[in-house]
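Peer 1: Build me a model:
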Amino acid sequence: LPDGKKVFPQMQSACCQRFMKTVWLWVTVKVDARAVRDVIEDDKSDLYMSGRRSTLLRNWSDHGGRKMLKFEEIISKFQIEGEITDVKPLGHGTVNHTYEIVCGGEHYVLQEMNHIVFKYPTEVMNNLFLVTEYLHEVIEQEGRDPQLEGLTFIRTKAGNQLLQTENGSYFRLYRMICCGEEMEKPTTPEQAYEAANAVGVFHRRLRDFDSSQLGVTVPKLHDMKNAMRQLLDAVRADICFRTSDCQEQIQFVLDRSKKLNEIQEAIESKQIPKRVTHNDTRYSNVLIDSDSKKAICLIDLDTVMPGASILDFGDAVRAGAATFTEDEKFGNIELDMDLFRGYVQGYCHEMGRILTAKEKELMVYAVWLMTMESGIHFLTDYLSGDRNMTNFSDERQNLYRAVNQFFLVLDIEEKKEQMDEIVAAVLMKK
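Peer 2: Down below sits the predicted model:
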């Protein structure tokens, strides 16, 4: 390898990318030869969809009889009655395979869980049942309909929280909220308000829930010491020989590394309480009413765990109040202050009187930190050869994402005083 690095400095070519993807598929996913061949033949293939296309999805792609037989077999294991009359893929997620099922005239969502990403699917489901059943009770106490404002998961006929098939796949089923649709990126303060309000309602309704009941399904999430350790390991390993081209980005992170642990230290010193957190509060996980466009609830609860609630707020702002998404190629990304104000107002409407003084003090810092964390993860993935599942249409995509997040960090640093003033003004009215 040392000699090879000198002779072949361009080893990060498309050929090398295809080879790495093939090795990843064989070793990690253990797919059949046809799936590996698909990746080699299609240089622009999506690693996740090509590498882990389930038997269920193959049946969906084949002719009708096999397709319906497979879904009937799975659905028959859950506590619902009736005949399946329609099945179609649902949503744009890249982690779980999701389908809308019409059975007995009712609409359901069936998901095949990705047990490579979520290594403890039973613990994930235990968290989901604990949280959603508690939310149902709170919603009913508020005189509202939990079927319309929360997710309702359905057990198997054996009483289990999810179905494990003979081939090791995991499936879960919940009732579909038919009046809802996935939120698009906010473009107005009103939309930003609704996106943040959904996060605030989720936190408020769970404020008295004992978060210690929940298992840690994604270890070291938001652990910035671990994130820095992984980045430095990737820099030292330099398996794709990309480090020399990323010195500016690496130094950008190092210059700010001593400021990354304030929230973790506040939790450890009991200045910030551990609450139930969603941990993926981007706008696409907000379900809105298709007519009124008002927020209904948060969805995609796989990462529900104990944590700092202001990190949920920070991540929501990072994703929703930026002028561009992180996928733009070195876009002139900034924080839209009108959208930021909408996020602050929507979140504080629900949580303004519940947050501690320290949490309020760190709200703007949380936006900065979640943007830094996102950029660090993207940079680490790029230096590690895009180890996480992503679209390989451009081998520099994770670098573009990292740079965009770092531009957003710079903008947040410039606007920090203005952001603090907005937060203080909104909180003063609560």
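
Peer 1: where does Lys5 land on pLDDT?
Peer 2: What the model reports for Lys5 is a pLDDT of 39.

Peer 1: go on, Val423?
Peer 2: Note for Val423: predicted pLDDT of 98.

Peer 1: For it, list the residues it contacts.
Peer 2: By C-beta atoms under 8 Å, 6 or more residues apart in numbering, the residues touching Val423 are Val344, Cys348, Lys360, Met363, Val364. Heads up, the C-betas are built off the backbone N, CA and C, glycines and all.

Peer 1: Out of those residues, name the two that are farthest from one another.
Peer 2: Greatest spatial distance in these: Cys348 and Val364, 12.7 Å, computed using C-beta to C-beta.

Peer 1: Between those two, tell me which one has more neighbours.
Peer 2: Val364 (26 against 23; other C-beta atoms under 10 Å).

Peer 1: Go ahead and list the helix or strand containing the more buried one.
Peer 2: Using DSSP states H and E, Val364 falls within helix 363-383.

Peer 1: Quick one: mean pLDDT for that helix?
Peer 2: Here the average pLDDT along helix 363-383 is 97.

Peer 1: swap in stretch 121-128?
Peer 2: Mean pLDDT, computed over stretch 121-128, is 96.

Peer 1: Let me see the residues that make contact with that stretch.
Peer 2: By C-beta under 8 Å, 6+ apart, the residues outside stretch 121-128 that reach it are 113, 115, 118, 151, 153, 161-162, 170, 172, 214-215, 217, 301-302, 304-305.

Peer 1: Next: stretch 220-230.
Peer 2: With C-beta under 8 Å, 6+ apart as the test, stretch 220-230 has contacts from 253, 257, 260-261, 263-264, 279, 303, 305, 307-308, 311, 369, 373, 376-377, 380.

Peer 1: swap the cut-off to 10 Å and go again
Peer 2: If you take C-beta atoms under 10 Å, 6 or more residues apart in numbering as the criterion, stretch 220-230 is touched by 219, 253-254, 257, 259-264, 267, 277, 279-280, 303, 305, 307-308, 311, 314-315, 369-370, 372-373, 376-377, 380-381, 383-384.

Peer 1: Just the buried residues of the contacts of stretch 121-128.
Peer 2: Among those, those scoring as buried are 113, 115, 118, 151, 153, 161-162, 170, 172, 214, 217, 301-302, 304-305 (criterion: 16 or more other C-beta atoms under 10 Å).

Peer 1: gap between the two ends of stretch 213-230?
Peer 2: For stretch 213-230, the separation between the terminal residues is 29 Å (C-alpha to C-alpha, to the nearest Å).

Peer 1: Which residues belonging to it are considered buried?
Peer 2: Residues of stretch 213-230 classed as buried by neighbour count (16+ other C-beta under 10 Å): Leu214, Thr217, Val218, Leu221, His222, Met224, Ala227, Met228, Gln230.

Peer 1: ok but the fourth one is inside a strand, no?
Peer 2: Read it as Leu221. No: assigned with DSSP: H, G, I helix; E, B strand; the rest coil, Leu221 falls outside any strand and is coil.

Peer 1: Could you look up the SS state of the spatially most central residue of the chain?
Peer 2: Relative to the mean C-alpha position of the chain, the nearest C-alpha, by C-alpha atoms, centre = their mean, is the one of Asp280, at 4.1 Å. Using three-state DSSP, the structure places Asp280 in coil.

Peer 1: Got phi/psi on it?
Peer 2: phi -160, psi 70 (degrees, to the nearest 10).

Peer 1: With adjacent residues omitted, what lies nearest to it?
Peer 2: In this structure, Asp280 finds its nearest non-sequential neighbour in Thr303, 5.2 Å apart by C-beta to C-beta, 6 or more residues apart in numbering.

Peer 1: Phe171 too?
Peer 2: Nearest non-adjacent residue to Phe171, counting by C-beta to C-beta, 6+ apart: Leu163, 4.5 Å away.

Peer 1: For the one you found, grab phi and psi.
Peer 2: Leu163 adopts backbone torsions of phi -100, psi 130, taken as degrees, to the nearest 10.

Peer 1: isn't it right up against Arg172?
Peer 2: Yes: here Leu163 lies in contact with Arg172, judged by C-beta atoms under 10 Å, at a distance of 7.3 Å.

Peer 1: Give the intersection of the neighbour lists for the two.
Peer 2: Among the neighbours of Leu163, those also in contact with Arg172 (C-beta under 10 Å, 6+ apart) are Phe78, Leu110, Glu112, Met113, Arg155, Thr156.

Peer 1: Between these, which sits nearest Glu334?
Peer 2: The nearest member of the shared contacts of Leu163 and Arg172 to Glu334, counting by C-beta to C-beta, is Met113 at 36.9 Å.

Peer 1: ok, now which ones touch the closest one?
Peer 2: 95-97, 121, 124-125, 162-164, 169-172, 302.

Peer 1: separation between it and Asp210?
Peer 2: As judged by C-beta to C-beta, to the nearest Å, Met113 and Asp210 stand 25 Å apart.

Peer 1: repeat for Glu265
Peer 2: Distance of Glu265 to Asp210, given as C-beta to C-beta: 23 Å.

Peer 1: What of Tyr134?
Peer 2: 10 Å.

Peer 1: quick one: which of these two has more around it?
Peer 2: Remark: of Tyr134 and Asp210, Tyr134 carries more neighbours, 18 against 12, as counted by other C-beta under 10 Å.

Peer 1: the helices in the stretch 1-150 of the chain, which residues?
Peer 2: 2-7, 14-24, 33-41, 47-51, 55-61, 64-75, 121-141, 146-149 (DSSP state H, counting those that start in this stretch).

Peer 1: what is the rounded mean pLDDT of the fifth one?
Peer 2: Regarding helix 55-61, the rounded mean pLDDT is 42.

Peer 1: likewise the second one?
Peer 2: Helix 14-24 shows a mean pLDDT of 50.

Peer 1: For Val235, what are phi and psi?
Peer 2: Torsion angles at Val235 (phi, psi; degrees, to the nearest 10) stand at phi -60, psi -40.
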